[in-house]
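**Student:** Below are the sequence and a predicted model for it; my questions follow.
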Amino acid sequence: MEKQKPNIPEEKTSALKVQEGINQPPSINANAAKRIRHQRKALFSLDEYVQGIIAGNRMILSKAITLVESLLPAHHQMAQDIIERCLPYAGKCVRIGITGVPGVGKSTFIEAFGTYLTQKGHKVAVLAIDPSSQRTKGSILGDKTRMEDLANDKNAFIRPSPSAGSLGGVAQKTRETSILCEAAGFDVVIIETVGVGQSETAVHSMVDFFLLLMLAGAGDELQGIKRGIMEMADALVINKADGDNYKKATAAKAGYQSALHLFPPAESGWNPKVGLCSSVEKKGIDTVWEMISEYLEKVHENGYFDHKRATQSRQIMFESIDQELKSAFYNDSFIKKEMDFIDKNLLDESLSSYQAAAKLLEIYFNKCKAAKK
């Protein structure tokens, strides 16, 4: 006769017993997350933006820059009002433009240079421009990851911005962003451009000192960069002058110094200098700052500094007019309708591109004249 098995509950058949333990607290503070989400979504008032920027509040400064860069028409007027209110607090800093061929080490140099300046008691803002894709219109905006030490410096502020199709190696809103950073108390603003190209001259129109980074041993140094950019540079610095490359850098320095003598004298009365540096070994960084300081002393004495700032303001005015006219033309509802008809004529080649442009402009100007009557 088979023995009947005792009726033992299933959970007691295992010798393993798991202790419940203590409930762990949530990894994210719900109240803090709610407050941060509210801050991100909410638009501040004009006074809150201006007061926050002047007080050096980086969160409000970042939000104000985002507002300036926004393409939404609703944000445009608010951004212009913020800039206008911040203007009296700007203009007391040194604006330094840094450019060079891709791979010259701009980000590494800026981190070493920026760290050197913060250690000397300066507050440094870096406006790093990233190229935007012509296909997707997107940008990586990874400069903070390449300037990790500087990004964690309490006296530094790094703001990557997309070029958004703007020629000249800088973003369309770089000038306005610079004003906000100056109002926030940064006394050195560094503008890093996308990289040297045929149109990369716009940075010269918004900075006090134009620094061109060069490489040695990368081909014909005198042909590797356009003459026009070399003529605008206030200093040429050969980066990566270390290790086996030091001798090549020294030889390149002598070549550049000879070449600069062939250029016409600068309006500032300053003779551009050539230097060597190693961003990785932090060598020659102090020499670069000495060059800039010497230049600033000279242009303040001869009055060129104020003259250049006034010229830049006038140029910005003309560029703003161009942008507004262009925006008004392409956003005009009547022009948008006519554009479809013109496109068909262009596709079947019954109209040339120049005739199409002239026709659209004629339609637009006639509409403006009719609106005045």
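**Tutor:** Thanks, I have the structure now.
**Student:** I'd like the secondary structure assignment at Leu236, please.
**Tutor:** Following DSSP: H, G, I helix; E, B strand; the rest coil, we place Leu236 in the strand state.
**Student:** That one pairs with what?
**Tutor:** Beta bridges link Leu236 to Leu212, Val274, judged by DSSP bridges.
**Student:** Could you tell me which residues make contact with it?
**Tutor:** Counting by Cβ atoms under 8 Å, 6 or more residues apart in numbering, Leu236 touches Leu212, Met214, Met230, Tyr256, Leu260, Pro272, Lys273, Val274, Gly275. Bear in mind the C-beta positions are built from the backbone N, C-alpha and C, glycine included.
**Student:** hmm, try it at 10 Å
**Tutor:** Applying Cβ atoms under 10 Å, 6 or more residues apart in numbering, we find Leu236 in contact with 100, 211-214, 221, 225, 230, 252-253, 256-257, 259-260, 272-275.
**Student:** list the helices and strands the top helix by length along the chain packs on?
**Tutor:** The residue-count maximum for a helix in the chain (DSSP state H) belongs to helix 304-330. Applying 3 or more Cβ pairs under 10 Å, 6 or more residues apart in numbering; DSSP states H and E, one finds that helix 304-330 contacts helix 73-86, strand 94-100, helix 174-183, helix 285-302, helix 333-347, helix 353-372.
**Student:** Nearest to Met59, out of those?
**Tutor:** Closest approach to Met59 among the helices and strands packed on helix 304-330 is made by helix 174-183 (13.0 Å; Cβ to Cβ).
**Student:** mind exporting the closest one as PDB, just the C-alpha atoms?
**Tutor:** C-alpha atoms of helix 174-183 as PDB (Å, rounded to 0.1, in the frame of the first residue of the first chain):
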ATOM      1  CA  THR A 174      26.700  85.000 -31.700                       C
ATOM      2  CA  ARG A 175      26.900  88.800 -31.300                       C
ATOM      3  CA  GLU A 176      23.700  88.900 -29.200                       C
ATOM      4  CA  THR A 177      24.900  85.900 -27.100                       C
ATOM      5  CA  SER A 178      28.200  87.700 -26.500                       C
ATOM      6  CA  ILE A 179      26.300  90.800 -25.100                       C
ATOM      7  CA  LEU A 180      24.400  88.600 -22.700                       C
ATOM      8  CA  CYS A 181      27.600  86.900 -21.500                       C
ATOM      9  CA  GLU A 182      29.200  90.300 -20.900                       C
ATOM     10  CA  ALA A 183      26.200  91.500 -19.000                       C
END
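**Student:** pLDDT on that helix, on average?
**Tutor:** Per-residue pLDDT over helix 174-183 has a mean of 91.
**Student:** Now do the next helix-or-strand element following that helix: which elements does it pack against?
**Tutor:** Downstream of helix 174-183, the first helix or strand assigned by DSSP states H and E is strand 188-192. For strand 188-192, the packing partners by 3+ Cβ pairs under 10 Å, 6+ apart come out as strand 94-100, helix 106-119, strand 124-130, strand 156-162, helix 174-183, strand 209-214.
**Student:** how about a cut-off of 7 Å?
**Tutor:** Strand 188-192 is packed against strand 94-100, helix 106-119, strand 124-130, helix 174-183, with contacts defined by 3 or more Cβ pairs under 7 Å, 6 or more residues apart in numbering; DSSP states H and E.
**Student:** Of all the ones you listed, which one comes closest to Asn57?
**Tutor:** Taking Cβ to Cβ, helix 174-183 is the member of these nearest to Asn57, at 11.4 Å.
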